[in-house]
Each structure stands twice: as structure tokens, then as C-alpha cells.
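**Student:** Okay, here's the prediction I keep looking at, along with the sequence it came from:
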Amino acid sequence: MVASVWKVVVQEGDTVSEGDTLVILEPMKMEIPVLSEESGVVAKLEVAEGDVIQEGDLIAVIE
């Protein structure tokens, strides 16, 4: 599935918990949150608002 990054919710350096929303994707005019799979610090964001991504693309690195 291909989707646009509608909104980036976190920034590099932010602390997140498992289940926190990282970004919101917009495939076919629906909004789908991408949730953190683990707790930690956002070390690197690999996407920006407006980017087009597809299944399997790296969104963020959590350390």
C-alpha cells in the first residue's frame, strides 16, 4: 500500500512509550496512525510531512 505522510507527530530526541503515535499516514483519504512498537527515544526520523511511502519503508529509529 502507498500512503502520504500527512502529519509527523514526534521529533528527533522525543521520548516515546510503546503505543504512542509517531506519524499519521493518509492512504486514499483515510487517516492511519503509525504507533511505536517500543519505548525509547526517537533517534532519527526517516520521513517528513508530504513524503510518499509504501509498506516496509523505515519511518523512525527508536533507541
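**Tutor:** Arrived safely, thanks for sending.
**Student:** In this structure V10 contacts L45, no?
**Tutor:** Yes. V10 sits in contact with L45 when judged by Cβ atoms under 8 Å, with a separation of 7.4 Å. No exception for glycine: its C-beta is placed from N, CA and C like everyone else's.
**Student:** shared neighbours of these two, anything?
**Tutor:** Taking Cβ atoms under 8 Å, 6 or more residues apart in numbering as the contact rule, V10 and L45 both touch A60.
**Student:** Would you confirm that P27 contacts V34?
**Tutor:** No. At 11.6 Å, P27 does not count as touching V34 under the criterion of Cβ under 8 Å.
**Student:** From the centroid of this protein, which residue is nearest?
**Tutor:** Centrality entry for the chain: nearest residue to the mean C-alpha point is V23, 3.4 Å, by Cα atoms, centre = their mean.
**Student:** what is that residue paired to in the beta sheet?
**Tutor:** Partner residues in beta bridges with V23: V8, V34, with DSSP bridges as the criterion.
**Student:** Surely it is in contact with G50?
**Tutor:** No. V23 lies out of contact with G50 (Cβ under 8 Å); the separation is 11.5 Å.
**Student:** Identify the contacts common to these two.
**Tutor:** Both V23 and G50 are contacted by V5, under the criterion Cβ under 8 Å, 6+ apart.
**Student:** quick one: average confidence on stretch 26-36?
**Tutor:** Per-residue pLDDT values over stretch 26-36 give a mean of 94.
**Student:** contacts for it?
**Tutor:** Counting by Cβ under 8 Å, 6+ apart, residues outside stretch 26-36 touching it are 1-6, 16-25, 59-60, 62.
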